[in-house]
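Trainee: What shape does this take:
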Amino acid sequence: MSGARRPQRTSLLLQLDNRVGALEAALAPFSRLGLNLTQIESRPTRGEHFDIYVDCEGAPADPRIQQLLTELEAIASSILVLDQREVAWFPRESHELDQLVDETLNAGTELESDHPGFQDASYRARRDELAAIAYAHRTGEEIPRIEYSAAEHATWRAVWEQLAPLQARYGCEEYLRARRHLMRECAFGPDAIPQLADVSAAISRRTGFRMRPVPGLLGGREFLAGLAFRVFFCTQYIRHPSVPLYTPEPDVCHELLGHAPMFADPSFADLSQEIGLASLGASDAEIERLARCYWFSVEFGLVSSATDDAARRDGDDSTLKAYGAGLLSSPGELLHACEERNARVLPWVPETAAVQDYPITEFQPIYFAAGSLLEAKEAMAAFCRNLPRPFYARYNAQTDRIWVDRSLRRAPRAEALPAA
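Mentor: Residues are numbered from 1 along each chain as shown. Coordinates of the predicted model:
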């Protein structure tokens with residue numbers, strides 16, 4: 001009836017031993033204590049354990065709930081009272097991605113003193129102009145088209161000419177196939193910088209991934225959140241012409257020559273979204289682990305036909321191919337990883353990559369190689385399933401929203417939760 005108060009509820013996440021009768025034993029106390037179950041859902045199996053999400057009537061302070069928790073302690077490996085936990089803020093609807101760009105506008109837009117363009121007033125003014133265009137963009141609007149200068153097109157052409165033969169030799173087949181697709185669909189070629197709007201449309205038709213212009217480098221939490229929506233935050237400025245084969249930051253060459261073709265591949269797109277979904281509401285510690293997995297896969301991932309882990313680890317296989325954008329957009333890094341073999345190549349194990357340190361301003365000393373992109377995606381999905389998350393999230397492409405499996409409270413946007 002109108003005005004009736006909804007009964008208070010308690011939500012629990014129980015970890016149970018993966019054995020016969022475990023679920024029955026865990027549910028028995030609810031019936032015995034007269035607690036009405038309103039929802040029960042299983043979570044993915046995690047080795048010797050599995051999780052169930054249970055929603056029941058009764059406030060956490062209810063004596064019956066307290067007795068329930070006491071009895072469950074003897075049954076479950078772990079118990080998490082979900083309604084008592086606040087999660088880090090994350091976007092639930094696509095228009096909230098604009099907030100991530102708004103609040104990180106200065107991250108990566110100010111040039112450091114060692115940047116090739118720091119002393120170039122014209123270059124700095126151009127960067128400010130493009131940053132303003134990206135800042136004004138809003139989700140749902142057409143991506144703004146940039147009128148690039150002849151000098152900017154010349155820089156693009158110089159990078160393309162150096163990269164193209166190396167990509168043909170060391171790029172994975174999925175990359176080369178997707179690059180050919182872009183060349184057919186959206187004037188993706190050596191003569192001129194492609195328009196982000198055209199590249200985004202061509203990719204979206206294949207995998208649903210979209211590009212979103214940003215003024216500069218975003219923080220790890222913000223950047224990964226976009227991937228959950230199948231959105232890639234992408235810069236539109238180009239590196240300084242004095243050093244066309246070097247950039248201390250992501251630019252349009254890195255984004256379009258490295259990242260863009262791979263987002264047209266279904267396995268790579270799904271791998272990227274797995275990382276993004278796992279980042280939503282995660283602790284700072286888990287964001288760091290996911291960011292490292294992103295670095296060693298999306299940025300510097302390799303595939304190898306070696307079937308023996310020891311051979312792959314020792315770099316003996318002669319068919320290393322790149323799918324990471326940091327490799328595919330850098331002639332020097334491609335040669336370093338795939339031809340000169342001056343680095344260690346480890347089997348792709350996300351649990352190992354998640355704790356591996358890496359340098360930012362020099363060639364990588366360690367890479368990870370999967371047997372295939374599908375293998376890389378499946379390993380990442382398994383890793384994400386095993387993260388200690390208080391909720392599970394899925395992206396609904398029809399509504400462009402994130403669905404979560406329970407009611408929750410998001411912390412205010414400016415607050416960050418402590419590391420778990």
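Trainee: where does the stretch 51-200 of the chain dip in pLDDT?
Mentor: Judged by pLDDT under 70, the stretch 51-200 of the chain has its weakly predicted residues at 83-85, 103-110.
Trainee: where along it do the strands fall?
Mentor: With strands called from DSSP state E, counting those that start in this stretch, the stretch 51-200 of the chain shows them at 78-81, 86-87.
Trainee: hey, which of the ones you listed is tucked in deepest?
Mentor: strand 86-87 (a mean of 16; mean count of other C-beta atoms under 10 Å). Where you see a C-beta, it was placed from the backbone N, CA and C, and this is true even at glycine.
Trainee: Tell me how far that strand lies from the chain's centre.
Mentor: 20 Å (C-alpha atoms, centre = their mean, to the nearest Å).
Trainee: do stretch 113-121 as well
Mentor: Computed by C-alpha atoms, centre = their mean, the separation of stretch 113-121 from the middle of its chain amounts to 30 Å.
Trainee: swap in stretch 56-75?
Mentor: Using C-alpha atoms, centre = their mean, the offset of stretch 56-75 from its chain centre is 37 Å.
Trainee: Repeat that for stretch 176-194.
Mentor: With C-alpha atoms, centre = their mean, you get 24 Å for stretch 176-194.
Trainee: Between the two ends of that stretch, how far is it?
Mentor: Using C-alpha to C-alpha, to the nearest Å, the end-to-end distance of stretch 176-194 comes to 17 Å.
Trainee: rewinding a little: dump the strands of the stretch 51-200 of the chain to a markdown table, plus distance to Ala285.
Mentor: A markdown table is the format used below for the strands of the stretch 51-200 of the chain (distance: least, C-beta to C-beta, whole Å):
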| stretch | distance to Ala285 |
| --- | --- |
| strand 78-81 | 17 |
| strand 86-87 | 14 |
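Trainee: Ok, which of those strands comes nearest Pro347?
Mentor: Among these, strand 78-81 comes nearest to Pro347, with 30.2 Å by C-beta to C-beta.
Trainee: Name the single longest helix found in this protein.
Mentor: Assignment by DSSP state H gives helix 150-170 as the longest helix of the chain.
Trainee: Which neighbouring elements make contact with that one?
Mentor: helix 173-185, helix 252-253, helix 325-328, helix 331-338 (3 or more C-beta pairs under 8 Å, 6 or more residues apart in numbering; DSSP states H and E).
Trainee: most packed of those helices?
Mentor: Greatest burial across the helices and strands packed on helix 150-170, using mean count of other C-beta under 10 Å, falls to helix 325-328, with a mean of 26.
Trainee: Report the distance from that helix to the chain centre.
Mentor: With C-alpha atoms, centre = their mean, you get 16 Å for helix 325-328.
Trainee: re the thing from before, can you tell me which of the helices and strands packed on helix 150-170 is nearest to Met262?
Mentor: helix 173-185 (5.9 Å).
Trainee: related to what we said a few turns ago, identify whichever of the helices and strands packed on helix 150-170 lies nearest to Arg19.
Mentor: So among these, helix 173-185 is nearest, using C-beta to C-beta, at 41.0 Å.
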